[in-house]
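1. Dropping a prediction and its sequence here:
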2 protein chains.
Amino acid sequence: MTGGLTIVGLGPGPVHWIAPEASAAIAAASDIVGYQPYVDRIPERAGQRRHGSDNRVEIDRARHALTMAAEGKQVAVVSGGDPGVFAMAAAVFEAVEAGDPAWRSLEIGVIPGISAMQAAAARLGAPLGHDFCAISLSDNLKPWAIVERRLRAAADGDFVIAFYNPASKARPERIHQAFEILRGCKSAETPVAFARSVGREDERIVVTTLGEADPAAADMSTLVMIGSSETRFIDRPGKSPWLLTPRTYGAGR
Amino acid sequence: MTGGLTIVGLGPGPVHWIAPEASAAIAAASDIVGYQPYVDRIPERAGQRRHGSDNRVEIDRARHALTMAAEGKQVAVVSGGDPGVFAMAAAVFEAVEAGDPAWRSLEIGVIPGISAMQAAAARLGAPLGHDFCAISLSDNLKPWAIVERRLRAAADGDFVIAFYNPASKARPERIHQAFEILRGCKSAETPVAFARSVGREDERIVVTTLGEADPAAADMSTLVMIGSSETRFIDRPGKSPWLLTPRTYGAGR
């Protein structure tokens, strides 16, 4: 009996953003492992076991999934967004690295998904049309100093910046500190967007500027997008403007 | 008659990575517009018009699509990968910005897709498990100086780096210059991967280090991934190692 483990991206929410390969892997699994709200998104199927767990126990969840795969089960670890981007793929491979050497012989697959910054970009126009970076503002697992260093580097490089995990109840000040740093090194006119729960019923998009933005608008369901020096608004009648980061650089200077 | 325009992501190649919303938008379109090889991927349907065009005419293609939408057609502009990431969304909104003001009243939608760095990451393990940036090495539309500035900033920020458009026949030296810059500021042991045509028949993955990498391994179908100081190999029997950028930072120092 040969088991296997597939880490599956569910995208940001709506079923119409889940890749057919992801749906097929979920259908074929004997066991579904994941954060309970993600497991709840998957239709129940007779004979398929479901193992929902709390948030912040990613490594335990990964070990459990690997143990079952080593026992011969076909395990699907479900992840929000793209499992490779601030999600379950890193936790699974951390568990592999530190765990039973036999796990290195398992078939472990990753099925990519739409990540939050892509869903946000799709609603906003084309903010990621040029070089960009993605930074998680969570300092649960890294020192805040590296976040600050990356914010300054992102500004130095004039990248468009996408913030993941911009706020938590435990550390509501982080997003304010991040904006303070960026306001010190980028124009107040820089376009900024807060894209909350994109694709879900409670979707809410706020388009503003770095100077005018209220960082408190971000919660843990929000993707924050900060433009480069080239990002600009395209006004349109009756709706909030589109954001565009053009493919050219420096043409208007 | 109300027209509309949807910019649709086809992902990196395989049908099983195309989101159901993208397939539905293609099926519903009266007119399909795109770079000929992308149009060729779409099954022909009676009554649906197809407008394939050459590479490097993105703005002409975008204007043509917008003109047809303004005439009342339902136009799907197909794009490789995610249209928002170094693809057609920016070209369409550039055309909107510079074009007929009436185009700003059109319904313009973007449907995200799997981008090349995500497909590459899925094959490699979890290289994008932490903060990262994406840089296009093409200097068709931007000065090479901004690419150099971004490479240095990406190294300063210790980001994982994904290179898009790493090589062209016209400028084969750019990828060599990029590696030279990174070799000057990152460890020779930094994991590097060349992921070519991921998901297609000619898929080829090379895992190496910054010190040992041959930049000539990259062509225009290659996504190049450069690790951060935390990215490491996980060896496994009989196969090339996985790449892992863990969620923690600085734990081993």
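-> Now that the structure is in, tell me what you want to look at.
2. show me the contacts for residue A:158.
-> A:228, A:229, A:230, B:146, B:149, B:150, B:153 (Cβ atoms under 8 Å, 6 or more residues apart in numbering or on different chains). Heads up, the C-betas are built off the backbone N, CA and C, glycines and all.
3. Could I have the buried ones of the residues you listed as PyMOL selection syntax?
-> Here is the PyMOL command that selects the buried residues among those (16 or more other Cβ atoms under 10 Å in any protein chain shown):
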select buried, (chain A and resi 228+229+230) or (chain B and resi 146+150+153)
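4. right, and the pair among the contacts of residue A:158 with maximum separation?
-> Taking Cβ to Cβ, the two most distant members of the contacts of residue A:158 are A:230 and B:153; they sit 15.2 Å apart.
5. what's the pLDDT at the closest residue in space to residue A:160 that isn't next to it in sequence?
-> Closest residue to residue A:160 apart from its sequence neighbours, by Cβ to Cβ, 6 or more residues apart in numbering or on different chains: residue A:132 at 3.9 Å. At residue A:132, the pLDDT value in this model is 98.
6. how about the strands of the stretch 101-250 of chain A, start to end?
-> A:107-111, A:125-126, A:132-136, A:160-164, A:191-196, A:204-209, A:222-226, A:232-236, A:239-244 (DSSP state E, counting those that start in this stretch).
7. other SSEs contacting the fourth one?
-> So the one you mean is strand A:160-164. helix A:116-124, strand A:132-136, helix A:173-185, strand A:222-226 (3 or more Cβ pairs under 8 Å, 6 or more residues apart in numbering or on different chains; DSSP states H and E).
8. Report the distance from that strand to the chain centre.
-> 10 Å (Cα atoms, centre = their mean, to the nearest Å).
9. Parallel or antiparallel, which strands does it pair with?
-> Here strand A:160-164 is paired, per DSSP bridges, with strand A:132-136 (parallel), strand A:222-226 (antiparallel).
10. Identify whichever of these lies nearest to residue B:40.
-> For the strands paired with strand A:160-164, proximity to residue B:40 was assessed by Cβ to Cβ; strand A:132-136 is nearest, at 29.4 Å.
11. in that closest one, what's buried?
-> A:132, A:133, A:134, A:135, A:136.
12. before we move on, back to that, make CSV out of the strands paired with strand A:160-164 and add distance to residue A:28.
-> What follows is the strands paired with strand A:160-164, written out as CSV (distance: least, Cβ to Cβ, whole Å):
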stretch, distance to residue A:28
strand A:132-136, 31
strand A:222-226, 31
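13. on that earlier part again, and among the strands of the stretch 101-250 of chain A, the most buried is which?
-> strand A:125-126 (a mean of 30; mean count of other Cβ atoms under 10 Å in any protein chain shown).
14. ok, that strand near chain B or not?
-> Yes. Using Cβ under 8 Å from any Cβ of the partner chain, strand A:125-126 comes into contact with chain B via A:125, A:126.
15. Any idea how far that strand is from the middle of the chain?
-> On Cα atoms, centre = their mean, the centre of strand A:125-126 falls 18 Å from the chain's centre.
16. Stretch A:228-241 now?
-> Relative to the mean C-alpha coordinate of its chain, stretch A:228-241 is positioned 24 Å out (Cα atoms, centre = their mean).
17. If you average the pLDDT over that stretch, what comes out?
-> 97.
18. Likewise for stretch A:15-29?
-> Average pLDDT, stretch A:15-29: 97.
19. Need the distance between the two termini of that stretch.
-> 18 Å (Cα to Cα, to the nearest Å).
20. Is any residue of it near chain B?
-> Yes. Counting by Cβ under 8 Å from any Cβ, chain B is contacted by stretch A:15-29 at A:15, A:16, A:17, A:18, A:19, A:20, A:21, A:24.
21. Show me where chain A has its helices.
-> A:20-28, A:36-40, A:58-70, A:88-98, A:116-124, A:144-156, A:173-185 (DSSP state H).
22. these two touch, right, residue A:217 and residue A:206?
-> Yes. With contacts counted by Cβ atoms under 8 Å, residue A:217 reaches residue A:206, the gap being 5.7 Å.
23. Overlap in contacts, those two.
-> With Cβ under 8 Å, 6+ apart as the test, residue A:217 and residue A:206 both reach residue A:194.
24. so which of the helices and strands packed on strand A:160-164 gets nearest residue B:192?
-> strand A:132-136 (18.4 Å).
25. Kindly calculate the angle that the closest one makes with helix B:144-156.
-> 20 degrees (axes from the mean of the first three to the mean of the last three Cα atoms, to 10 degrees).
26. what does strand A:132-136 contact?
-> Contact with strand A:132-136 is made by A:85-86, A:117, A:147, A:150-151, A:154, A:157, A:159-165, A:228, A:245, B:130-134, B:154, B:157, B:159, as judged by Cβ under 8 Å, 6+ apart.
27. could you check the angle helix A:173-185 makes with it?
-> Using the same axes, to 10 degrees: strand A:132-136 against helix A:173-185 is 150 degrees.
28. Using PDB, write out every CA atom in strand A:132-136.
-> The C-alpha trace of strand A:132-136 is given here as PDB (Å, rounded to 0.1, in the frame of the first residue of the first chain):
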ATOM      1  CA  PHE A 132       6.600  43.400  -6.900                       C
ATOM      2  CA  CYS A 133       7.200  41.800  -3.500                       C
ATOM      3  CA  ALA A 134       5.100  40.100  -0.900                       C
ATOM      4  CA  ILE A 135       5.800  40.500   2.800                       C
ATOM      5  CA  SER A 136       4.000  38.900   5.700                       C
END
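29. Just list whatever residues bridge to residue A:232.
-> residue A:244.
30. And residue A:225, by the same measure?
-> Assigned bridge partners for residue A:225, using DSSP bridges, are residue A:162, residue A:193.
31. if I look at the residue nearest to residue A:87 when sequence neighbours are not counted, how far off is residue B:94?
-> In space, and not counting its chain neighbours, residue A:87 is closest to residue A:79: 4.3 Å by Cβ to Cβ, 6+ apart. According to Cβ to Cβ, to the nearest Å, residue A:79 and residue B:94 sit 34 Å apart.
32. These two: which has the busier surroundings?
-> Remark: of residue A:79 and residue B:94, residue A:79 carries more neighbours, 29 against 22, as counted by other Cβ atoms under 10 Å in any protein chain shown.
33. Tell me what the more buried one is bridged to.
-> With DSSP bridges as the rule, residue A:79 is bridged to residue A:9.
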